[in-house]
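after the sequence you'll find the predicted model.
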Amino acid sequence: MCGIAGFTHFSGNMGDKDTLKKMGDSIYHRGPDAGGEHINEHVGLAHRRLAIIDLSDAGIQPMTSHDGKYVIVFNGEIYNFQAIRDELSAAGYPFKTHTDTEVILALYATEGEKMLSKLNGMFAFALWDTTSEKLMIARDRMGKKPLYYLQTETQFAFASEIKALLTLPNVPRDIRLDAVYDFFAYQYIPDPKSIFTHIHKLPPAHYMTIDASGVNIQQYWDVSFKNTSDESEVVLTQKLRDLATHCTKQRMVSDVPLGAFLSGGVDSSGVVAMMATNSKTPVTTCSIGFDEKKFNETEFAKEVANQYQTDHHEFTVHQNVADNLEKIVAYFDEPFADPSLVPTFFVSELARQQVTVAIAGDGGDEVFAGYEKYTKDATENRLRNKFPKFIRKYVFPKFADLLSNSNATVFRKGKSLLTSLSQEPAMGFYTTNSQIDDRQWQKLAQQDIKEKLGDYHPSKITIDAYEKSDGPDHLAKILYTDMKTYLPGGILVKVDRMSMANSLEVRAPLLDKDVVEFSATVPSEMKFKNGEKKHILKEAFKPMLPDDILYRKKMGFSVPLASWFRHEIKELAQRYLIEQAQGLKGIFNHDQVVTLWKEHQNGNADHSALLWSMLMFEMWWVKYAHA
């Protein structure tokens, strides 16, 4: 796991070796073990190394192929590198190292850009081809590793994090308003956008080539749901168990200490069980707890730790939030508001004290339908189908308007339900899960912001992904939608930034391409069965875990936000949102923000989710936007 950065000189001179070093130094936390630069008349490449495989100096990057034709900077892990290496070695390729980095160089030498189909792992890399004078940049299928690029008429640069791009001279910091709207709707900014107009994300499963003729972007993979298996549940369950175990074992290859995140939920508990079954020594496990019992899962984590006799470590988040929040948020370079970023930072910090690599259960919910929102969506769809379209379209919105004047939770939920039922399934899915509804936005947003946005609406992100899916049913389509939006834009960004802030590598076996492709063939009714979420994954883990772990109510990696705003972070939030607000005033009517704050403080309403998004935006703005 590392950090990469660089630029091309095709559009204009971007700098020298010192420029590259500044870019690399800005993401030092991603790779504190070594750094290096490569520059020629066409490109500059920078690398920060977190040594995991082949700890010798032979693994230092930028790495040049044995014949000098290709140079690479690489962030990630290739889990099938040894098999590819054996194949290429047998064909006569003269390997100099035992790294997966050199395997990418060797595979490119034999297959060019087509080699991406053979790589199984998490990665973002940039490879300079001296023969064709072309730079190739690629990102893994699910979007586990980040890749941003700056593009103007006279500039092209790339990096693992935006902060490296901002070290370059004369980088425009114009804010993209549709991305601001997206942020308040989703709590993250969906690719290919970033908060800055001229900085973009390379989408997952895409690669780009840059040469004197310009920039070209191609998609090289997608997950298909159209080939539904007709095998029995028993057969598919066994296949899933075998596949998940294999993918977990693959991720246990490391030349440095390795452990696991253990929340006590189904996914992380299953991963720890598979690790323990395939480990000769006790697995190191790390858990985070909270003072408030309804958010605290440590008792369940302890149960699994005891069952598998792990070397278990715990940390309780209480008064640490306000003291650390500004530091934590600064790692996100653009607005990001998933509140679980806080415990993710602390569990990464705790894990890094013990290990350099942690295996996690990320992906289980998106791939196997584990979120409560899928239950809610199934209920809404059943109701939607019970009413004539005329009633839904013309009567429900009127009732929803009647309920919109109250802050009472029951009325707000009723308004959301009626609004969702009045819409088509994709739009209903967006409405139910959006973090800001249209009425709130219209009330909060400054008039000039609304005018500049015109008819843009963030639901376009959800609907476009939904309509692109080839799934045979609604659940398949919303799982595809979350894999293309929420997973890479929210979950994986959070895990990458918070783990790399602590120089920790995190691996996710349930997001292996083979697991994802297999899951897409599993019938929807085996994932969400009679109201039971993640049914087939639970069946796969059943021989390994007790029922009180498999079938207890899902808590999620949530935090006591409402309480935080009234206690732990009240002073900090009041300073940013009320007393010294700057960037937020350019987007929202300040009087309305003050009203939300007062209503939350006096207990008349729970506005904690929206206030948190505002706080994250303001903290980002102070750190990055006006520098």
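That came through, no problem. The model shown is predicted, which means the values in this text are computed figures rather than measured ones. Residues are numbered from 1 along each chain as shown.

any idea which helix or strand comes after the host helix or strand of Ile463?
Assigned by DSSP states H and E, Ile463 belongs to helix 459-468. Next helix or strand after helix 459-468 toward the C-terminus (DSSP H and E): helix 474-484.

and that next one, what does it pack against?
If contacts are counted by 3 or more Cβ pairs under 8 Å, 6 or more residues apart in numbering; DSSP states H and E, helix 474-484 sits against helix 364-368, helix 372-384, helix 425-433, helix 459-468, helix 524-527. For the C-beta atoms, the positions are set from N, CA and C on the backbone; glycine is no exception.

the same query, at a cut-off of 10 Å, please.
Secondary-structure packing of helix 474-484 (3 or more Cβ pairs under 10 Å, 6 or more residues apart in numbering; DSSP states H and E): helix 364-368, helix 372-384, helix 425-433, helix 459-468, helix 513-521, helix 524-527.

give me the local confidence score for Met483.
Looking at Met483, its pLDDT stands at 98.

re earlier: okay, the helices and strands packed on helix 474-484, which one's buried deepest?
helix 364-368 (a mean of 27; mean count of other Cβ atoms under 10 Å).

so which elements touch that helix?
helix 266-277, helix 372-384, helix 474-484, helix 513-521, helix 524-527, helix 535-541.

any idea of the mean pLDDT in the last one?
In this model, helix 535-541 has an average pLDDT of 98.

any idea which helix or strand comes after it?
According to DSSP H and E, the helix or strand after helix 535-541 is helix 547-550.

same check, this time on the third one
Tracing the chain C-terminally past helix 474-484 and defining elements by DSSP H and E, one meets helix 486 next.

residues contacting the nearest residue to Lys249 once chain neighbours are set aside?
With sequence-adjacent residues excluded and distances taken as Cβ to Cβ, 6 or more residues apart in numbering, Lys249 is closest to Asn278, at 5.1 Å. If you count contacts by Cβ atoms under 10 Å, 6 or more residues apart in numbering, Asn278 has them with 245-246, 248-249, 252.

show the buried residues in the residues you listed.
With burial judged by 16 or more other Cβ atoms under 10 Å, the buried subset of the contacts of Asn278 is 245, 248-249, 252.

dump the helices and strands packed on helix 474-484 into JSON lines; add distance to Asn296 as well.
Below are the helices and strands packed on helix 474-484 laid out as JSON lines (distance: least, Cβ to Cβ, whole Å):
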{"stretch": "helix 364-368", "distance to Asn296": "20"}
{"stretch": "helix 372-384", "distance to Asn296": "18"}
{"stretch": "helix 425-433", "distance to Asn296": "25"}
{"stretch": "helix 459-468", "distance to Asn296": "32"}
{"stretch": "helix 513-521", "distance to Asn296": "30"}
{"stretch": "helix 524-527", "distance to Asn296": "28"}
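
could you dump these to a markdown table with distance to Ala179 and mean pLDDT?
As requested, the helices and strands packed on helix 474-484 are exported to a markdown table (distance: least, Cβ to Cβ, whole Å; pLDDT from 0 to 100):
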| stretch | distance to Ala179 | mean pLDDT |
| --- | --- | --- |
| helix 364-368 | 22 | 97 |
| helix 372-384 | 23 | 88 |
| helix 425-433 | 17 | 92 |
| helix 459-468 | 11 | 98 |
| helix 513-521 | 27 | 98 |
| helix 524-527 | 32 | 98 |
